[in-house]
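# my questions concern the predicted model and sequence given below.
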Amino acid sequence: MEKSLAEMQREVDRYISQFKEGYFSPLSMLARMSEEVGELAREVNHSFGEKPKKASEEDNSIELELGDILFITICFANSLGIDLAEAHDKVMHKFNTRDANRWTKKDTE
């Protein structure tokens, strides 16, 4: 069963709400997001770049790193009262209007 963004936001909020500390500050979350993006970059470099993992390095995956980024993105949005589905709709509108002719479209015939 697929989850909606709203369901994911509620699930993360239920998880975070059980702790006295609650959500981190926006600056702390941005730092955490940067860390997670760095970890994703490392995994992509190991999988598709010229830098293989050392034998002593933990097994990690692009999937898990993307999941970590999704989690911190949801935490960030929740802490600021941002509806991610609404944010997504606004971004797609921007791409479908401003960038409508930016890329070469595939033939649909």
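Received the coordinates, thanks.
# can you tell me the helix or strand for the residue nearest to residue 68 when sequence neighbours are not counted?
For residue 68, the nearest residue in space outside its immediate sequence neighbours is residue 36; the separation is 4.6 Å by C-beta to C-beta, 6 or more residues apart in numbering. Where C-beta positions appear, they are placed from N, C-alpha and C, glycine not excepted. Following DSSP states H and E, the helix or strand that holds residue 36 is helix 26-48.
# residues contacting that helix, please?
23-24, 51-53, 60-62, 65-66, 68-69, 72-73, 75-76, 79-80 (C-beta atoms under 8 Å, 6 or more residues apart in numbering).
# repeat that for stretch 4-21.
If you take C-beta under 8 Å, 6+ apart as the criterion, stretch 4-21 is touched by 3, 22-23, 70-71, 74-75, 77-78, 83-85, 88.
# thinking again about what came up before, pull out the buried members of the contacts of helix 26-48.
For the contacts of helix 26-48, burial is judged from neighbour counts taken by 16 or more other C-beta atoms under 10 Å, and it is met by 23, 24, 65, 68, 69, 72, 73, 75, 76, 79.
# tell me how many other residues crowd the closest residue to the fifth one other than its chain neighbours.
The reference is to residue 69. Of all residues beyond its chain neighbours, the one nearest residue 69 is residue 36 (4.9 Å), with distances taken as C-beta to C-beta, 6+ apart. Residue 36 has 19 neighbours, counted by other C-beta atoms under 10 Å.
# residue 92 too?
Residue 92 is flanked by 10 other residues according to other C-beta under 10 Å.
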